[in-house]
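# here's my sequence, what's the structure:
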Amino acid sequence: MKKLLLVIDMQNDFITGTLGSDKAQEIVEAVKLKTDEYRKNGDAIIFTRDTHTADYMKTQEGRLLPVPHCIEGTDGHLITPELETEGCEIINKCSFGSLELAEYIAAKNYEEIELCGLCTDICVVSNALILKARLPEVKITVDQSCCAGVSEESHKAALLTMKMCHVEMIGESRDV
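Reported below is the predicted structural model:
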């Protein structure tokens, strides 16, 4: 079976940087174990990076979330060093969800796609729903234990939204 692990935005700024959180820090080890498992099985792994430029504050997102983060060329833009990216693809995306990413993944003909990463309630849910819309017959899974949201309430709401749209939930549920 051709499987893909899509690791969403496990970047320094979302873990320990300007938008970091304790919950984000707590999932790093679980995401590492997940990527190690996929690597051991010879499955594909793609890491995404939220990517902004120096003019971030002039963008719509910058006006609505006035916290510069994941600026290309900064330490905050990098994938956390605890995760091994060698041999994996790294794809920059300039928005929460990416139509280009969905098209790229669709062309690879994966039979199963699993998502994990940050933030459940923004980029994970956006990409999961875009992938489900583009690939309605592909099994799409989210490992809840390898995700963290902006808040516990919005994390749970995003998990429930994905579940209602036939994205399968695995891992520790955290009461969803």
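
# from Thr16, how far out is Asp22?
10 Å (C-beta to C-beta, to the nearest Å). Any C-beta I mention is one placed from the backbone N, CA and C, and that applies to glycine too.

# the more surrounded of the two?
More neighbours surround Thr16 than the other of Asp22 and Thr16, with 16 against 7 (other C-beta atoms under 10 Å).

# which non-adjacent residue is nearest the more buried one?
Using C-beta to C-beta, 6 or more residues apart in numbering and skipping residues adjacent in sequence, the residue nearest Thr16 is Gln25, 6.6 Å away.

# wait, that neighbour touches Ile15, no?
Yes. Gln25 is within contact range of Ile15, at 5.8 Å (criterion: C-beta atoms under 8 Å).

# quick one: which of the two has more around it?
Set side by side, Gln25 and Ile15 show more neighbours around Ile15, with 24 against 15, by other C-beta under 10 Å.

# surely the more buried one is in contact with Glu26?
No. Counting by C-beta under 8 Å, Ile15 stays clear of Glu26, with 9.8 Å between them.

# show me what the helix or strand Ile130 falls within is packed up against.
Using DSSP states H and E, Ile130 maps to helix 125-134. Judged by 3 or more C-beta pairs under 8 Å, 6 or more residues apart in numbering; DSSP states H and E, helix 125-134 is in contact with strand 3-8, helix 99-107, strand 112-118, strand 139-148, helix 152-164.

# name the residues that touch that helix?
6, 8, 48, 95-99, 101-103, 105-106, 113, 115, 138, 140, 142, 158, 161-162, 165-167 (C-beta atoms under 8 Å, 6 or more residues apart in numbering).

# Cys88 - nearest residue in space that isn't next to it in sequence?
Distance criterion C-beta to C-beta, 6+ apart; nearest residue to Cys88, sequence neighbours excluded, is Ile45 at 4.3 Å.

# quick one: contacts for the closest residue to Ile15 other than its chain neighbours?
Spatial nearest neighbour of Ile15, chain neighbours left out: Ala24 (4.7 Å); criterion: C-beta to C-beta, 6+ apart. Ala24 is in contact with Phe14, Ile15, Leu118, Cys119, Ala148, counting by C-beta under 8 Å, 6+ apart.

# which ones are touching the spatially closest residue to Asp75 that is not a sequence neighbour?
Nearest non-adjacent residue to Asp75, counting by C-beta to C-beta, 6+ apart: Asn12, 5.7 Å away. By C-beta under 8 Å, 6+ apart, the contact list for Asn12 reads Gly20, Asp75, Gly76, His77, Leu78, Ile79, Thr80.
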